[in-house]
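Q: just the structure for this:
(chains A and B)
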Amino acid sequence: MPEPHRSKRFQPNVITEKIVPVLLVILLLILLAVLVIVVLSLVG
Amino acid sequence: MNYLPYLSTIATFAFTAAVFNRYRQRGGVYLLLWAFGLFLYGIGTLSEVILGLTFNVVVLKLWYLTGAMLTAAWLGMGTVHLLIRRGKTARILTWILAVVSVLALLLIFAAPVNSAIYDVTRPVSEQYKEILTRNGLTILLTILLNIFGTITLVGGAIYSAFLFWRRKILANRMYGNILIAAGALSPAMGGTFLRAGLVDFLYLSELVGAILMFIGFILSTSGKFEPSE
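A: Numbers count the residues shown, from 1 in each chain, chains lettered A, B, ... in the order given. Prediction:
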């Protein structure tokens, strides 16, 4: 039987509240940069 | 001799076996497609191993087909199946990718090769443009497949991590998806290093990418809950 939804939750801490969002934004920015580079490097 | 492709090949095939084993246990088209994408990844790094020892036209073409064209797209297609569970979108996209992959195969194996100028002491990624003649359609397909694969694989992992973070659930999957996103970005960034003349970084980025994604996968599947995103 599946456990209640509450049991999957984690307690917010400094890492999840401060570092994770920054990491996600950084990864998103790198993704955008890579997409531009992929086009430029393969065309060039 | 550069030993990094050897390590990448071992890591990637071990990762492939782990994903395929999970598919056999749990099912799920996304796992099968990830295993296929990882198999292509492994073929690409294995081709680098062989091309570091000797030159072979078929191996060079396999290296380009798998490493430059198909790996990211098929890994990304796995993520599409994971994230889009409703409707026929994922299935239709898979058939389109299958047709494009066959076209890519035909284009690459029909492409002329100037093997006389191959230098076994230089990384293949540094010299393939001078050896393998790619027509406009091949280059266009390479660009489109890489864009599709990068957006779906990396974007999908970032999106999943964001959902877990916003809902404050399944920390292992949140961190696992962050590692998968970082790992998938690593080989793509290796191309940038190559342009800067740091040729060893491409091989390093492939190894780092395989290891980070493997750890991310293990972390994501270490809990007792099935993927919900």
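Q: number of residues surrounding residue B:109?
A: 12 (other CB atoms under 10 Å in any protein chain shown). Where you see a C-beta, it was placed from the backbone N, CA and C, and this is true even at glycine.
Q: so what's it up against?
A: Residue B:109 sits next to residue B:61 when contact means CB atoms under 8 Å, 6 or more residues apart in numbering or on different chains.
Q: tell me if it really is in a strand.
A: No: going by DSSP: H, G, I helix; E, B strand; the rest coil, the assignment for residue B:109 is helix, not a strand.
Q: do you know how far it is from residue B:146?
A: 20 Å (CB to CB, to the nearest Å).
Q: low pLDDT regions in chain A?
A: Low-confidence regions of chain A, defined by pLDDT under 70, span residues A:1-7, A:38-39, A:41-44.
Q: what strand or helix carries the residue positioned nearest the centre of it?
A: Compute the mean C-alpha point of chain A, and by CA atoms, centre = their mean the closest residue is residue A:24, 3.1 Å away. Per DSSP states H and E: residue A:24 is located in helix A:20-43.
Q: kindly report the same for residue B:41.
A: helix B:29-51.
Q: cool, and residue B:120?
A: Residue B:120 belongs to no helix or strand, assigned by DSSP H and E.
Q: do the same with the one 5 residues further on
A: Residue B:125 is located in helix B:124-131, with elements delineated by DSSP H and E.
Q: first-to-last residue distance for stretch B:52-66?
A: 17 Å (CA to CA, to the nearest Å).
Q: run through who's touching it.
A: For stretch B:52-66, the external contacting residues (CB under 8 Å, 6+ apart) are B:1-2, B:5, B:40-41, B:43-44, B:47-48, B:50-51, B:104-105, B:108-109, B:111, B:113, B:115, B:118, B:120, B:123-124, B:128, B:131-132.
Q: just the buried ones among the residues you listed, please.
A: Taking 16 or more other CB atoms under 10 Å in any protein chain shown as the criterion, what is buried in the contacts of stretch B:52-66 is B:5, B:40-41, B:43-44, B:47-48, B:50-51, B:104, B:108, B:111, B:118, B:123-124, B:128, B:131-132.
Q: between the helix holding residue A:24 and helix B:124-131, how many degrees?
A: Interaxial angle of helix A:20-43 relative to helix B:124-131 (axes from the mean of the first three to the mean of the last three CA atoms, to 10 degrees): 30 degrees.
Q: does anything pack onto helix A:20-43? Which helices or strands?
A: helix B:136-150, helix B:156-167, helix B:171-195 (3 or more CB pairs under 8 Å, 6 or more residues apart in numbering or on different chains; DSSP states H and E).
Q: which bits of chain B sit near chain A?
A: By CB under 8 Å from any CB of the partner chain, the residues of chain B that approach chain A are B:139, B:142-143, B:146-147, B:150-151, B:154-155, B:158, B:161-162, B:165, B:168-171, B:174, B:178, B:181-182, B:185, B:188-189, B:191-192, B:195, B:225.
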